[in-house]
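A.B. asks: Structural data only, the sequence is not supplied:
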């Protein structure tokens, strides 16, 4: 085996048999013949829908579970941050649990003492260290669990979606710490539904679907593959709200592809029906990227200083040149609002989409900034 791999799964399968009904069990194949190699010092993310097998895979690497079939080789000390409280005793204090987790990791009391103040400081739980952790909030659990995991000097760090329940300040702190320990040579296995984080930090990404390893590769390509599935594509999961006093009846994409070579305008026509005899309204649209970050949100009042004079049946057409957009798929939301731009008559999120063609370079972000360069 190539020892550049610190984690290797060969034909790994695992099934569960939960009880359904009276005296009946149902077989669920959590993982099916998974083959996977993860290299030293790699930030490796695993994505997929709920129930796809992500946490099961991490639990196998962490030796929390054992496979039914196949072989798993792990080279290095593993620290796992999976479910809340795993490795903790709720009847012990925060301080006592730090020593407990360190002992589980195989560290001596001396080593734990040397790192104790760093763990407490990072967790920002100094005033709660002598409280039993059964009285901790969810966020406090996250703080203590992550702090202990990263300061017990792991060679392989496993992080599940549980990090998402922490507050924004602590999430940023955790992500900075993850980047720092990666520079020290630590291998990181990461599970998240935040595709922005996955593409930003990962070296490679694996996609699981119903226990099957679909593909492994470059982050942006695998994330696009995941998002292209019908249940994950926002345009197949439109969100609609409003009174329908003004009702959008059709969205016509006159042109929804843009190329920098041709520079043809993106153009849409919106057909509406006035059910409430409303005389005037504000119409607007917004553009979001594939991670649902809002790129722009024009409306008729802010851009033109005018309201839309409504008919019983009417059309609104708009167009724009996305000359500063980097290549990719963008989603379009459209809406009619009242004159104060607060009450929605009809608001349709991710109602359509357009494509900016070209070679996608994720590190360039979403917008091409018009820059004047001067190099001496």
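C.D. replies: Nice, thanks for sending it over. Nothing here was measured: the structure is a model prediction, and the numbers come from that model.
A.B. asks: Please report how far the residue nearest to the spatial centre of the chain lies from residue 368.
C.D. replies: Nearest to the geometric centre of the chain sits residue 194, at 0.8 Å (Cα atoms, centre = their mean). Separation of residue 194 from residue 368 (Cβ to Cβ, to the nearest Å): 25 Å. Where you see a C-beta, it was placed from the backbone N, CA and C, and this is true even at glycine.
A.B. asks: Same question for residue 44.
C.D. replies: Counting by Cβ to Cβ, the gap from residue 44 to residue 368 is 30 Å.
A.B. asks: swap in residue 54?
C.D. replies: From residue 54 over to residue 368 (counting by Cβ to Cβ), the distance is 34 Å.
A.B. asks: Between the two, point out the one with more neighbours.
C.D. replies: residue 54 (26 against 13; other Cβ atoms under 10 Å).
A.B. asks: In contact with the more buried one, which residues?
C.D. replies: The contact partners of residue 54, by Cβ atoms under 8 Å, 6 or more residues apart in numbering, come to 46-48, 160, 191, 208.
A.B. asks: Among those residues, which one sits closest to residue 28?
C.D. replies: residue 208 (13.9 Å; Cβ to Cβ).
A.B. asks: who's in contact with that closest one?
C.D. replies: 46-48, 52-54, 57, 214.
A.B. asks: And for residue 178?
C.D. replies: Contacts of residue 178 (Cβ under 8 Å, 6+ apart): 43, 150, 157, 159, 188, 201.
A.B. asks: where does the second one land in three-state SS?
C.D. replies: Think residue 150. Reducing the assignment at residue 150 to three states with DSSP: H, G, I helix; E, B strand; the rest coil gives helix.
A.B. asks: wait, doesn't it sit right on residue 177?
C.D. replies: Yes: using Cβ atoms under 8 Å, residue 150 makes contact with residue 177 at a distance of 5.6 Å.
A.B. asks: what sits in contact with each of those two?
C.D. replies: Jointly contacting residue 150 and residue 177 under the rule Cβ under 8 Å, 6+ apart are residue 122.
A.B. asks: So for the two, which sits in the more crowded spot?
C.D. replies: Ranked by neighbour count (other Cβ under 10 Å), residue 150 and residue 177 place residue 150 first, with 23 against 16.
A.B. asks: Mind jotting down where the helices sit in this structure?
C.D. replies: 54-61, 94-104, 109-123, 138-151, 168-183, 195-201, 219-227, 300-304 (DSSP state H).
A.B. asks: Tabulate these (CSV), appending mean pLDDT and distance to residue 352.
C.D. replies: Below are these laid out as CSV (pLDDT from 0 to 100; distance: least, Cβ to Cβ, whole Å):
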stretch, mean pLDDT, distance to residue 352
helix 54-61, 92, 31
helix 94-104, 87, 50
helix 109-123, 90, 46
helix 138-151, 84, 38
helix 168-183, 85, 31
helix 195-201, 84, 21
helix 219-227, 87, 16
helix 300-304, 94, 18
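A.B. asks: Relative to residue 328, which of the ones you listed is closest?
C.D. replies: helix 219-227 (8.5 Å).
A.B. asks: Against which helices or strands is the closest one packed?
C.D. replies: The elements that helix 219-227 packs onto, with contact taken as 3 or more Cβ pairs under 8 Å, 6 or more residues apart in numbering; DSSP states H and E, are strand 43-47, helix 195-201, strand 204-209, strand 212-217.
A.B. asks: Show me what residue 217 is bridged to.
C.D. replies: Beta-bridge partners for residue 217, by DSSP bridges, are residue 205.
A.B. asks: Residue 323 is in contact with residue 265, correct?
C.D. replies: No: judged on Cβ under 8 Å, residue 265 makes no contact with residue 323 at a distance of 10.0 Å.
A.B. asks: Quick one: neighbours of residue 104, just the number.
C.D. replies: Around residue 104 there are 14 other residues, counting by other Cβ under 10 Å.
A.B. asks: Surely residue 76 is in contact with residue 153?
C.D. replies: No: using Cβ under 8 Å, residue 76 is not in contact with residue 153, being 10.7 Å away.
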